[in-house]
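# Could you look at this predicted model? Sequence included:
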Amino acid sequence: MSTRFERVSALTGILTVCLWIVGVVLAQGMTHQPADNATDAQVLTWVKDHSGLITAGSWIYMIGCGCFFWFAGTLRNRLAAAEGGTAPAALNAANEVAVEAFLGRRLPFPAIAEVIERVGDERLQLYLYHIPPVSQVPITLALIEKLLSES
């Protein structure tokens, strides 16, 4: 890591975890939660009484999410630099163009791979990333087959 900015960026991973923990503790753990059998009025009263802590915890957690994106971007750049070459930059550019065209319904999904292939680097591949616990949206085999069959 050559610059001070890059060294600080690497620490954002640790900062992310700390902010997430503080945010959750503030929003949920600092106060006595209402009972499971509490009435709607009791829960509403509890939320109104603790809205400051809930809001502060939520904002701190969201700032942690921003730090996570900063860390992920730094990590991606460091890995790209370690690999050498311009393949990651070319992939990013091809991805941006292809996704914009796909979302604008000017390019079918299977053509994204063709766009990436035309970049001319054999190391570039198309991956379908999916993390169900984070997204809470399942990607079924039928959906993947439909995306691949569209032309």
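Right, received. Where do you want to start?
# got a list of what residue 99 touches?
Contact analysis of residue 99 by C-beta atoms under 8 Å, 6 or more residues apart in numbering lists residue 112. No exception for glycine: its C-beta is placed from N, CA and C like everyone else's.
# The same query, at a cut-off of 10 Å, please.
Going by C-beta atoms under 10 Å, 6 or more residues apart in numbering, residue 99 touches 107, 112, 115.
# Just give me the closest of those to residue 55.
Ranked by distance to residue 55 (C-beta to C-beta), the contacts of residue 99 are led by residue 112 at 40.2 Å.
# what residue ranges in this structure score low on pLDDT?
1-2, 30-31, 80, 83-95, 116-117, 119-141, 143-144, 147, 150-151 (pLDDT under 70).
# and if we set it to 50?
Along the chain, segments meeting pLDDT under 50 span 1, 124-126, 151.
# in it, which spans are helices?
With DSSP state H as the criterion, the chain has helices at 4-10, 12-24, 40-49, 51-83, 87-103, 111-118, 132-135, 141-149.
# Same list, those, but as TSV with distance to residue 34 please.
What follows is those, written out as TSV (distance: least, C-beta to C-beta, whole Å):
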stretch	distance to residue 34
helix 4-10	41
helix 12-24	17
helix 40-49	5
helix 51-83	13
helix 87-103	43
helix 111-118	48
helix 132-135	27
helix 141-149	39
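# quick one on the thing from earlier: list only buried entries from the contacts of residue 99.
Those of these that meet the buried threshold are 107, 112, 115, by 16 or more other C-beta atoms under 10 Å.
# Residue 114: neighbour count?
12 (other C-beta atoms under 10 Å).
# In contact with residue 19: list those residues for me.
Residue 19 neighbours (C-beta under 10 Å, 6+ apart): 12, 59, 60, 61, 62, 63, 64, 65, 66, 67, 68.
# Alright, I will stop here.
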